[in-house]
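Trainee: Curious how this folds, go ahead:
(chains A and B)
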Amino acid sequence: METRIPTRMGDGYMVEMTPSELRADIEAATEEAARKAGCAPLAQDELDHLLDIYASRAAFTAVDIGDQVVLSCDGGGSKMTGTDLLDLLESEQRLGQDILELWHIEYSYKAIKTILPFQQQVMQNVQLMCTAPVQYGAQPNLAFYSKPDGPAENWFELLPRGEIAAARAAIEEAMDLATKDFIYVGEGMLDTGADGMDFDTTGGAGDADFFSTLRAVKHLRGKYPDAGIEVGMAGEFVIGVHGELEWDGRRLAGLWPAAQVQVCQDAGATIYGPAVNIRTGKSCAWNAAYAITVCKPAMEVARIPVHPNVGEGVGGVPVNGYPPEDAASRAAKAHVDILKCDGL
Amino acid sequence: MDVTHALAAGMGGVRTAGDLVARMQMSRGMRLPEAKSYVADRLGCTVRDLSDSYAMEQIRGEKGLGRILDHSNLHPGEPNAIMAKFRIAELLDVPINSVERFRALAGV
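Mentor: This is a model prediction of the structure:
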């Protein structure tokens, strides 16, 4: 009889599986990912290594000495120390984060626009006290520009009614407003000393969300040639809400990571972060195999660093307020060892 | 989770050379092997030293690049924070935005 190993489901719940069951999960995941993303499944040696990582009773795992990667910590820190400055100092001095990120709990560019001077002052103060690079991060969140939160008609109400032209017009109105806000905040932070900008959870409202961001990235790259610009994605493929938007002749709807990184680097980003959301009903081993298979083609065409998202609920990390250390460390090691990614 | 990732896979930030490698990724878009090689060359150390907190504590101290401070490891009179970033910009030969801003606003 095979031994049963404690392991996790995508919601964090601990279960026990045999090595054969884990192997079956890993093989099924890479086949499904390859079929959906139109890419190759993981090779046999990669599947074997993934099984080694997950068929272990260890409470914690880590990459080999010397294989460590850069951590860009979007939304990092605790927000519980009283001030942003203390929070970032703690992240630098105690957690050893490679890239720090100043952010506000209203994590949307639309909201940040209204408090930009306050965030600029914090950034200026933080830059005096921190040694590690500090970027500013927020989410595009294009849907906030539609009624009832914004001025544009709500395309998610228009589309089900079949009012396609009106929905696209509303999306385009929102896109113009959004790009202006991204640029306004981006210029404001980079003029105050930020080392870079992070567009976090890009594409959350689909292809128009992504397009609005790419326009801002291109503008900021032109004006600030030395700035870091990170584009982190919201999901494994770009949802086609508008459906006709193209970047340099490439339709954005339906892009998987290999194509996502190409449009990001062409627009001027210097770090790209693919995101593959967790399936809570599948094991973490299944989820890691799926995520790595989907992201692997991006590694082959990337000219810029690729930092896969391994936060709560993405990249094989359980969607849980306190992602268990055994599962999060396995996801990190799996991505670094098998993807050979440039960071996380 | 931040602690988990830092221990499982992170370079270590200012505890090592993680911040320096990160700067080359951010400002120059260098992939990890190129960024590590560039920084190691600039520091005169091996690539493996970059994520070795023992080696980098010595190197950062020698070059004034800023070190972790705590009650048993204080370095008054040694550059840290914005002071260290002036040296980092020179060492890596990349402009650091806050250093440029400091120069402009302080009139130095």
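
Trainee: So which residues of the stretch 51-200 of chain A form helices?
Mentor: Shown for the stretch 51-200 of chain A, the helices assigned by DSSP state H, counting those that start in this stretch span residues A:84-93, A:109-112, A:116-129, A:155-158, A:164-190.

Trainee: can you check chain B too?
Mentor: Remark: helices assigned in chain B by DSSP state H are B:2-8, B:18-28, B:32-43, B:53-63, B:81-92, B:97-106.

Trainee: Quick one: closest of these to chain A.
Mentor: Proximity to chain A, assessed across those by C-beta to the nearest C-beta, is greatest for helix B:18-28 (2.8 Å). Heads up, the C-betas are built off the backbone N, CA and C, glycines and all.

Trainee: burial count for residue A:13?
Mentor: 11 (other C-beta atoms under 10 Å in any protein chain shown).

Trainee: Packed most tightly, which of the helices of chain B would that be?
Mentor: The highest average neighbour count among these, using mean count of other C-beta atoms under 10 Å in any protein chain shown, belongs to helix B:18-28 at a mean of 28.

Trainee: Packing partners of that one?
Mentor: Helix B:18-28 sits against strand A:228-233, helix B:32-43, helix B:81-92, with contacts defined as 3 or more C-beta pairs under 8 Å, 6 or more residues apart in numbering or on different chains; DSSP states H and E.

Trainee: by how many degrees do the first one and helix A:164-190 diverge?
Mentor: By that I understand strand A:228-233. 150 degrees (axes from the mean of the first three to the mean of the last three C-alpha atoms, to 10 degrees).

Trainee: Quick one: mean pLDDT for strand A:228-233?
Mentor: The average of the pLDDT scores along strand A:228-233 is 98.

Trainee: returning to what we had before: make JSON lines from the helices and strands packed on helix B:18-28 and add distance to residue A:270 to it.
Mentor: JSON lines is the format used below for those (distance: least, C-beta to C-beta, whole Å):
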{"stretch": "strand A:228-233", "distance to residue A:270": "5"}
{"stretch": "helix B:32-43", "distance to residue A:270": "11"}
{"stretch": "helix B:81-92", "distance to residue A:270": "15"}
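
Trainee: so how far is residue A:264 from the residue in the stretch 101-250 of chain A positioned nearest to chain B?
Mentor: Of all residues in the stretch 101-250 of chain A, residue A:228 sits closest to chain B, with a separation of 2.8 Å (C-beta to the nearest C-beta). For residue A:228, the distance to residue A:264 equals 13 Å [C-beta to C-beta, to the nearest Å].

Trainee: and residue B:61, what does it touch?
Mentor: B:67, B:75, B:78 (C-beta atoms under 8 Å, 6 or more residues apart in numbering or on different chains).

Trainee: is it true that the last one touches residue B:69?
Mentor: No - taking C-beta atoms under 8 Å as the contact criterion, residue B:78 and residue B:69 are not neighbours in contact, 9.5 Å apart.

Trainee: Which residue comes closest to residue A:279 once chain neighbours are left out?
Mentor: Leaving aside its chain neighbours, residue A:279 sits nearest to residue A:10 (5.3 Å; criterion: C-beta to C-beta, 6 or more residues apart in numbering or on different chains).

Trainee: And residue A:194, by the same measure?
Mentor: residue A:136 (4.8 Å).

Trainee: returning to that earlier point: so which of the helices of the stretch 51-200 of chain A is the most packed in?
Mentor: helix A:109-112 (a mean of 23).

Trainee: Now do residue A:338 against residue A:291, distance only.
Mentor: Relative to residue A:291, and taking C-beta to C-beta, residue A:338 is found at 10 Å.

Trainee: Pull up the gap between residue B:5 and residue A:9, please.
Mentor: 20 Å.

Trainee: and what of residue B:1?
Mentor: In terms of C-beta to C-beta, residue B:1 sits 17 Å off from residue A:9.

Trainee: likewise residue A:224?
Mentor: As judged by C-beta to C-beta, residue A:224 and residue A:9 stand 43 Å apart.

Trainee: same check, this time on residue B:74
Mentor: 46 Å.

Trainee: If you count surrounding residues, which of these two has more?
Mentor: More neighbours surround residue A:9 than the other of residue B:74 and residue A:9, with 21 against 10 (other C-beta under 10 Å).

Trainee: can you pull the contacts of the more buried one?
Mentor: Residue A:9 touches A:15, A:280, A:281, A:282, A:283, A:284, A:318, counting by C-beta under 8 Å, 6+ apart.

Trainee: mind checking how far the third one is from chain B?
Mentor: With distances taken as C-beta to the nearest C-beta, to the nearest Å, residue A:281 is found 22 Å from chain B.
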